[in-house]
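Q: here is a sequence together with a model predicted from it:
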Amino acid sequence: MEKFVISGGKALKGTVRISGAKNAAVAILPAVLLADEPCTVENLPNISDVSTILKAMRELGAEVKLVNKTTVWIDPRGVDSYIVTKQMAEGMRASSYFMGALLGRMNRARVAPPGGCDFGVRPIDQHIKGFEALGAKVTIENGMVDAKAMELRGASIYLDVVSVGATINIMLAATKVKGLTVIENAAREPHIVDLANFLNSMGADIMGAGTGMIKIRGVEHLRGTDYSIIPDQIEAGTYMVAAAATMGDVVIDNVTPKHLESIAAKLKEMGATVEEGEESVRVCMSERPKRCNVKTMPHPGFPTDMQPQIATILAIADGTSIVTEGVWDSRFRYVEQLTLMGADIQVDGKMAVVTGVKELRSAPVKAVDLRAGAAMIIAGLMAEGITEIEEIDHIDRGYEEVVEKFSALGADIKRVYYPDNTTVLKQA
Ligand code: EPU
């Protein structure tokens, strides 16, 4: 097993290059299954969520060749299975995108429900509502979601909640069906626009991505394409917060500054200087952060995937801040870990009251999920002394070369192997 060992208290300085967006990659790769020709996808993040999806695509019958560390060539023409087993879906939240992609390709999908981050119940009722509106019959048997149709047809779908996953899944299922599909109350995240751009580059007819109403006019064929994924908004935001939290001065490069506005606004409120370049942002901080309130919302609101990181910097702010979670029912499991490091945070339902302390102290902690893990890294970098973070496989799911990138900014962070005691106990 592996853990991160961080010797904190050093200001981050230098330049970090942001990788391709995880949440765009996990939608675009299954979307390749809709193509009638091979596709090349560039700027892929080198993370375990991506390798899990590529492995599943191979098992479905696609030919997958890594061109280099960030580029993959995929020929989907050999795909002859519509089944994504529990084993294939394990550990990947985005397995549900195989439902939309396989349904769109073969009118049939049998997919194990997603793994990934645990924020309590993660329903898929809006995905199912969308598939049914398109004409599929959806059942859940033996823990597998089964969707089938003789023929899908365009439909109007109003989402009861703004769901990234349901919006993407309906786009995937509807791209090649007859007629017009309209998604109302659609999610507007940058990765939804990226997926639409990818599909349109293959000949799809999708309009309105990035607004609350997406119109998809079905096309018969999708040709191959060569497409580069957008930079990762949340990886960039994580380094922005880490720069400010360590009183550092960091240029975050290869980003789309527009996607980072809500994060920049909060850091400015805390007293950081944020300078936007064309494809970069520079974040510097020279004083203790000021308190501020944060509420997470669907895009263009403050992203829920930055909530643990922003609460971590607020833990040392001058004053009391309120952090309200507006997307997930339960996303405060990391708070227990932060309190081990001396943070003063009281959670009440979807709200956390963060009373700033002067400093965090190092402690052994766990990455309870992906973004919680990012928050633990930030906390470890802030605290004097040695912080050990266990269960880092969550972090590896979504952050490329996290040790290398933080080390290049002057952080003292190492990946350390240690024996798995639970295995020893089981064997004893
Ligand atoms: N919801 C429903 N019914 C559904 C679907 C969602 O009630 O059928 C609810 C959820 O319970 C939640 C809200 O709608 O309260 C939003 O969920 P959404 O469907 O938007 O989330 P998701 O598609 O499962 C994606 C990201 C998450 C990110 C959320 C919100 C991917 C692979 N995952 O999840 O990212 O938190 O959108 O922005 O794109 C992460 O990267 O760390 C991560 C968890």
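A: All right, it came through fine. Numbers count the residues shown, from 1 in each chain.

Q: in this protein, what residue lies closest to the ligand?
A: With CB to the nearest ligand atom, the shortest gap between the chain and the ligand falls at residue 165, namely 2.8 Å. From N, CA and C alone the C-beta is placed, and that goes for glycine too.

Q: would you mind measuring from that residue to residue 264?
A: Distance of residue 165 to residue 264, given as CB to CB, to the nearest Å: 27 Å.

Q: pick out whichever of the two has more residues nearby.
A: Remark: of residue 165 and residue 264, residue 165 carries more neighbours, 22 against 18, as counted by other CB atoms under 10 Å.

Q: so after whichever strand or helix holds the more buried one, what's the next helix or strand?
A: Per DSSP states H and E: residue 165 is located in helix 164-174. Downstream of helix 164-174, the next assigned helix or strand under DSSP H and E is strand 180-184.

Q: buried set for that following strand?
A: 181-183 (16 or more other CB atoms under 10 Å).

Q: before we move on, what about stretch 159-169?
A: Applying 16+ other CB under 10 Å to stretch 159-169 flags 159, 162-169 as buried.

Q: please apply the same query to stretch 356-370.
A: For stretch 356-370, by 16+ other CB under 10 Å, it's 356, 360-363, 365-370.

Q: cool, stretch 136-152 as well?
A: Residues of stretch 136-152 classed as buried by neighbour count (16+ other CB under 10 Å): 136, 138, 144-149, 152.

Q: now do stretch 241-259
A: Those would be 241-257, 259, for stretch 241-259 by 16+ other CB under 10 Å.

Q: do stretch 73-87 as well
A: Going by neighbour count (16+ other CB under 10 Å), the buried part of stretch 73-87 is 73-76, 79, 82-84.

Q: tell me the contacts of residue 401?
A: For residue 401, the contact set (CB atoms under 8 Å, 6 or more residues apart in numbering) comprises 19, 46.

Q: pull the distance from whatever helix or strand residue 274 lives in to the chain's centre.
A: Residue 274 belongs to strand 273-276 when assigned by DSSP H and E. A distance of 24 Å separates the centroid of the chain from that of strand 273-276, by CA atoms, centre = their mean, to the nearest Å.

Q: got a pLDDT number for the nearest residue to residue 325 once chain neighbours are set aside?
A: Leaving aside its sequence neighbours, residue 325 sits nearest to residue 350 (CB to CB, 6 or more residues apart in numbering; 4.7 Å). On the pLDDT scale, residue 350 is placed at 96.

Q: same thing with residue 86?
A: 88.

Q: among the buried residues of stretch 73-87, which two are most distant?
A: 73 and 83 (24.1 Å; CB to CB).

Q: quick one on the thing from earlier: which of the buried residues of stretch 73-87 fall in strands?
A: Applying DSSP state E to the buried residues of stretch 73-87, the entries found in strands are 73-75, 83-84.

Q: name the element the nearest residue to residue 207 once chain neighbours are set aside belongs to?
A: In this structure, residue 207 finds its nearest non-sequential neighbour in residue 215, 4.8 Å apart by CB to CB, 6+ apart. Per DSSP H and E, residue 215 falls inside strand 213-217.

Q: and the strand holding residue 274, average pLDDT?
A: Here the average pLDDT along strand 273-276 is 98.

Q: which strands or helices does that strand pack on?
A: helix 261-269, strand 280-284 (3 or more CB pairs under 8 Å, 6 or more residues apart in numbering; DSSP states H and E).

Q: just checking, what packs against the helix or strand harbouring residue 336?
A: Taking DSSP H and E as the definition, one finds residue 336 inside helix 335-340. Under the contact definition 3+ CB pairs under 8 Å, 6+ apart, helix 335-340 sits against helix 307-314, strand 344-348, strand 364-366, helix 370-382.

Q: do the last one and the ligand come into contact?
A: It stands for helix 370-382. Yes. Using CB under 6 Å from any ligand atom, helix 370-382 reaches the ligand at 370-371.

Q: next, the angle helix 370-382 makes with the very next helix or strand once past that helix.
A: For helix 370-382, the following helix or strand on the C-terminal side (DSSP H and E) is strand 385-390. Orientation of strand 385-390 against helix 370-382 (axes from the mean of the first three to the mean of the last three CA atoms, to 10 degrees) gives an angle of 160 degrees.

Q: in its sheet, what does strand 385-390 sit against?
A: Sheet pairing for strand 385-390, assigned by DSSP bridges, gives strand 2-8 (antiparallel), strand 364-366 (parallel).

Q: what is the neighbour count of the closest residue to residue 343 other than its chain neighbours?
A: With sequence-adjacent residues excluded and distances taken as CB to CB, 6+ apart, residue 343 is closest to residue 315, at 4.0 Å. With neighbours defined by other CB under 10 Å, the count for residue 315 comes to 28.
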